[in-house]
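Q: sequence-free structure coming up:
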């Protein structure tokens, strides 16, 4: 546990960004498209492992490539997009599984608890703070465009640019989470806490607050439970399961 | 300040006020006069063509809008009324020229919003978001809400719980934030019951009369067109267009051509004509 102190701190900061990004993604109805983006990290991780490169670098490359792909698809709506996203989802997993050396596969998919270098910590922290800051600055434009792209555009919001910006924030968040959550679960902390918060409130400010809280508690509880009870090689599954348990509880306190 | 000083100060202050009032009056009179002679052109559209794939929706449309105009855009479904507004707002690609004067500040009230009513957003969230995005003074939100009679309770209700009329009012409030001088209004009452419909039109009327707001109004309701518009722009599904004052454009023959078979519109027009005395005038 002591080895993972820095990782835990980074994970807690990550949870804040994930909660905020999740709220916007939920309102934009793009949680699943976002999920696909995170899976796109897998082929990159696998190739990096195979060629003994920094896995995060590899993941970043395919992740941002995928982001651009989804952005292009988003501009067209309808079944074609949905189908294409589905195809990319399956293909990314398959290619990722094929190219990843088998001893590294579990780590790619579910993450690993490891000592994090101060440099890596600072880089991750900068990324997370950048995401949080950006969401706060873009909050108004995002709200307007979520309500109506036409009204937002008529008000002067540059829609296509905003879409790309948000997708990049999404990917950046996933990238930070990749280390300890893995490609399969990196987006779990984006998806689940926002869904939990949505059950509990109809007010925007409370929605953001509750999602961040649920995300933070999930990471903290997941890490602790894993360190003292389960002792898996990764905290990802424990964190995601705890987040899902919170979601189940939230169904009891559902508002109309 | 001593009493003497105050005595000394007062006349100066009053004369300043007098001067300002006089200056404003002269300015208002001269601008009114100027307005009569050359009305400020706010919008000029020339050779506008809009098509989606192979389908030509608007063909070679040209018109102008001057300050204080209320232009009603009429036509059957699919004639491109909403498309025209979207092009004027630069939301869709088009060929030709759409030139707004730099003085034009646009407010847009869309026909319907595809918005998910389940969103955790309230009217305040949206109005405040627009205010912050456009860096409007903070008092603007209260001002516009008061003007439209949006209560605090209503403002904090989530949009999913608003009635059709309340939602429409919220959209109008949204459009009025930022003090627009041109309002683009798409079927303002399409989904409202008659009572709220009447209310929205009263509001429109007061915006037009009291604030001198220029309007582009898409409407199916010809009685509304008669009551508010000084110009009618008609779009037909065959790409034909016409423009002129309501009395000249809204003839039974023209409407027949525009709306293939228009019994209810036809009746509407006759009712309006009788009410407004136009029909009697013509009979004499």
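A: Nice, I can see it. No experiment lies behind these values; they were computed from the predicted model shown. Residues are numbered from 1 along each chain as shown, chains lettered A, B, ... in the order given.

Q: count of residues packed around residue 162?
A: Using chain A here. 18 (other C-beta atoms under 10 Å in any protein chain shown). Heads up, the C-betas are built off the backbone N, CA and C, glycines and all.

Q: sorry, I should have been clearer: chain B.
A: Residue B:162: 17 neighbours (other C-beta under 10 Å).

Q: would you indicate which residues of the helix or strand hosting residue B:257 are buried?
A: Using DSSP states H and E, the element containing residue B:257 is helix B:252-258. Using 16 or more other C-beta atoms under 10 Å in any protein chain shown as the test for burial, helix B:252-258 gives B:254, B:255, B:258.

Q: next one: stretch B:62-80
A: Per 16+ other C-beta under 10 Å, stretch B:62-80 contains these buried residues: B:63-76, B:79-80.

Q: okay, and which of those residues map to strands?
A: B:63, B:64, B:65, B:66, B:70, B:71, B:72, B:73, B:74 (DSSP state E).

Q: determine which two of those are furthest apart.
A: Farthest pair in these (C-beta to C-beta) is B:66 and B:74. Separation: 19.3 Å.

Q: coming back round to it: columns pLDDT and distance to chain A on top of the buried residues of helix B:252-258, output as CSV?
A: Shown next, in CSV, are the buried residues of helix B:252-258 (pLDDT from 0 to 100; distance: C-beta to the nearest C-beta, whole Å):
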residue, pLDDT, distance to chain A
B:254, 77, 31
B:255, 78, 30
B:258, 77, 26
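
Q: out of those, which comes closest to residue B:221?
A: residue B:255 (13.1 Å).

Q: contacts with chain A among the buried residues of stretch B:62-80, please.
A: Residues of the buried residues of stretch B:62-80 in contact with chain A (C-beta under 8 Å from any C-beta of the partner chain): none.

Q: which residues of chain A lie near chain B?
A: A:27, A:29, A:139-141, A:143-144, A:146-148, A:150-151, A:153-157, A:198, A:201-204, A:206-207.

Q: at 6 Å instead, please
A: Proximity of chain A to chain B (C-beta under 6 Å from any C-beta of the partner chain) is limited to residues A:27, A:140, A:143-144, A:147-148, A:150, A:153-155, A:202, A:204, A:207.

Q: out of those residues, who's the most crowded?
A: Counting by other C-beta under 10 Å, top hit in the residues of chain A next to chain B: residue A:144 with 26 neighbours.

Q: where's it, which helix or strand?
A: Here residue A:144 is assigned to helix A:118-147, by DSSP H and E.

Q: ranges for the helices of the stretch 1-150 of chain A?
A: A:5-27, A:31-39, A:41-50, A:55-75, A:79-99, A:102-110, A:118-147, A:149-155 (DSSP state H, counting those that start in this stretch).

Q: I'd like the ones you listed as a markdown table, with distance to residue B:42 and mean pLDDT appended.
A: Formatted as a markdown table, these follow (distance: least, C-beta to C-beta, whole Å; pLDDT from 0 to 100):
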| stretch | distance to residue B:42 | mean pLDDT |
| --- | --- | --- |
| helix A:5-27 | 36 | 92 |
| helix A:31-39 | 41 | 79 |
| helix A:41-50 | 52 | 86 |
| helix A:55-75 | 32 | 82 |
| helix A:79-99 | 39 | 79 |
| helix A:102-110 | 60 | 81 |
| helix A:118-147 | 25 | 93 |
| helix A:149-155 | 16 | 90 |
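
Q: how about TSV for those helices, with distance to residue B:227 added?
A: Listed next are the helices of the stretch 1-150 of chain A as TSV, based on distance: least, C-beta to C-beta, whole Å:
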stretch	distance to residue B:227
helix A:5-27	40
helix A:31-39	47
helix A:41-50	61
helix A:55-75	42
helix A:79-99	44
helix A:102-110	67
helix A:118-147	31
helix A:149-155	26
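
Q: nearest to residue A:211, of those helices?
A: Of these, nearest to residue A:211 by C-beta to C-beta is helix A:5-27, at 4.1 Å.

Q: just checking, what packs against the closest one?
A: Packing partners of helix A:5-27 (3 or more C-beta pairs under 6 Å, 6 or more residues apart in numbering or on different chains; DSSP states H and E): helix A:118-147, helix A:159-185, helix A:188-200, helix A:204-225.

Q: please identify the buried residues of it?
A: Buried, per 16+ other C-beta under 10 Å, within helix A:5-27: A:6-8, A:10-11, A:13-27.

Q: return the distance of that helix from the chain's centre.
A: Helix A:5-27 has its C-alpha centroid displaced from the chain centroid by 8 Å (C-alpha atoms, centre = their mean, to the nearest Å).

Q: contacts for that helix?
A: The contact list for helix A:5-27 (C-beta atoms under 6 Å, 6 or more residues apart in numbering or on different chains) reads A:31, A:34, A:116, A:121, A:124-125, A:128, A:131-132, A:135, A:142, A:146, A:170, A:173, A:176-177, A:180, A:189-190, A:193-194, A:207-208, A:211-212, A:215-216, A:219, A:223, B:119.

Q: and for stretch A:84-104?
A: Contact partners of stretch A:84-104, identified using C-beta under 6 Å, 6+ apart, comprise A:33, A:36, A:39, A:40, A:42, A:43, A:46, A:47, A:49, A:50, A:73, A:108.

Q: how far away is the first one from chain B?
A: Counting by C-beta to the nearest C-beta, to the nearest Å, the separation of residue A:33 from chain B is 16 Å.

Q: so what's that residue up against?
A: A:70, A:85.

Q: what do you get for residue B:207?
A: With C-beta under 6 Å, 6+ apart, residue B:207 has these contacts: residue B:213.

Q: gap between the helix or strand hosting it and the chain center?
A: Assigned by DSSP H and E, residue B:207 belongs to helix B:194-211. In terms of C-alpha atoms, centre = their mean, the centre of helix B:194-211 is set 10 Å apart from its chain centre.

Q: after that helix, next one along is what?
A: Assigned by DSSP H and E, the successor of helix B:194-211 is strand B:214-218.

Q: is there any residue in that next one that contacts chain A?
A: No: using C-beta under 6 Å from any C-beta, strand B:214-218 never reaches chain A; the gap is at least 13.0 Å.

Q: which parts of stretch B:87-96 are buried?
A: In terms of neighbour count (16+ other C-beta under 10 Å), stretch B:87-96 has its buried residues at B:87, B:88, B:89, B:91, B:92, B:94, B:96.

Q: are we agreed that the first one is in a helix?
A: Yes: with DSSP: H, G, I helix; E, B strand; the rest coil as the criterion, residue B:87 is located in a helix.

Q: still on that earlier bit, and the buried residues of stretch B:62-80, which two are the farthest apart?
A: Going by C-beta to C-beta, the pair spanning those furthest: B:67 and B:76, at 29.9 Å.

Q: where do the strands of the stretch 51-200 of chain B begin and end?
A: Secondary structure of the stretch 51-200 of chain B (DSSP state E, counting those that start in this stretch): strands at B:55-66, B:70-74, B:95-100, B:106-109, B:182-186.

Q: same list (these) but as JSON lines, adding mean pLDDT.
A: Below are these laid out as JSON lines (pLDDT from 0 to 100):
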{"stretch": "strand B:55-66", "mean pLDDT": "89"}
{"stretch": "strand B:70-74", "mean pLDDT": "91"}
{"stretch": "strand B:95-100", "mean pLDDT": "93"}
{"stretch": "strand B:106-109", "mean pLDDT": "91"}
{"stretch": "strand B:182-186", "mean pLDDT": "91"}
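
Q: closest one to residue B:167 among these?
A: Closest approach to residue B:167 among those is made by strand B:106-109 (11.1 Å; C-beta to C-beta).

Q: below-threshold pLDDT in the stretch 151-284 of chain B: ranges please.
A: Applying pLDDT under 70 to the stretch 151-284 of chain B flags the ranges B:189-195, B:239, B:260-284.
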